[in-house]
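[1] need a structure here:
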Amino acid sequence: CSGPLSALTELNAKLQHRIQEFEQSAKEQDREKQALLQEVENRKKQMLSNQTLWRKANLTCKIAIDNLETAELLQGGERKTTKESLAQTSSTITESLMGISRMMSQQVQQRKEAMQTLVNSSRTIRDANEEFKSMSGTIQLGRKLITKYNRRELTDKLLIFLALALFLATVLYIVKKRLFPFL
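    Alright, predicted model coming up:
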């Protein structure tokens, strides 16, 4: 691979992707499943055994690409490509930063809305508490009045009973004096 580092990374990703596709197709096949799985295992073993060589090859390719880019920079021949890649990288970073900025402003807006909801809830709770206090005072006043009326009712009943007893005593006294004047 003599291309840029991204091409090497892409080749490595394609190789791993192909092995995964091969393994997935082996799992999906019913008739040849065992044979394909055995083949996949063989390929995995082969890949693991060649992994050291693969890493060395990747490292060699990376060094060659870095040397090539260094030589191009020193020669100044391909500055346009470097400037284009820098411009592309900076535009990608700018887009990422703008996305992060949008996400942060959305989070700030959500927090403002949550804060406003909390303020409204707090106000509602405070109003309900004030109303409860005023109702509590009214209920206590009502309780005092009911207690007072109950005492008055008891007093009134006692007075009515005493008046009735006095009336009956008077009626009996008058009846006794008229019917039995000698007693």
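[2] helix or strand: which one has Glu95?
    helix 79-179 (DSSP states H and E).
[3] off-centre distance for that helix?
    Offset of helix 79-179 from its chain centre (C-alpha atoms, centre = their mean, to the nearest Å): 28 Å.
[4] which stretches of this protein aren't confidently modelled?
    Counting by pLDDT under 70, the chain has low-confidence residues at 1-5, 26-37, 47-51, 54, 76-82.
[5] Leu183 touches Lys176, doesn't it?
    Yes. Using C-beta atoms under 8 Å, Leu183 makes contact with Lys176 at a distance of 6.9 Å. Any C-beta I mention is one placed from the backbone N, CA and C, and that applies to glycine too.
[6] the more surrounded of these two?
    Using other C-beta atoms under 10 Å, the more surrounded residue of Leu183 and Lys176 is Lys176, with 11 against 6.
[7] and the more buried one, how close does it get to Phe182?
    Separation of Lys176 from Phe182 (C-beta to C-beta, to the nearest Å): 11 Å.
[8] packing partners for the helix holding Glu95?
    Other elements packing on helix 79-179 under the criterion 3 or more C-beta pairs under 8 Å, 6 or more residues apart in numbering; DSSP states H and E are helix 51-75.
[9] list the buried ones in the helix it packs on?
    58, 61, 65, 69 (16 or more other C-beta atoms under 10 Å).
[10] can you lay out those as JSON lines showing distance to Ser90?
    Output for the buried residues of helix 51-75, formatted as JSON lines (distance: C-beta to C-beta, whole Å):
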{"residue": "Asn58", "distance to Ser90": "27"}
{"residue": "Cys61", "distance to Ser90": "26"}
{"residue": "Ile65", "distance to Ser90": "21"}
{"residue": "Glu69", "distance to Ser90": "18"}
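[11] which ones are touching Lys44?
    Ile19 (C-beta atoms under 8 Å, 6 or more residues apart in numbering).
[12] in what helix or strand does it lie?
    helix 33-49.
[13] next one: His17
    Following DSSP H and E, the helix or strand that holds His17 is helix 5-28.
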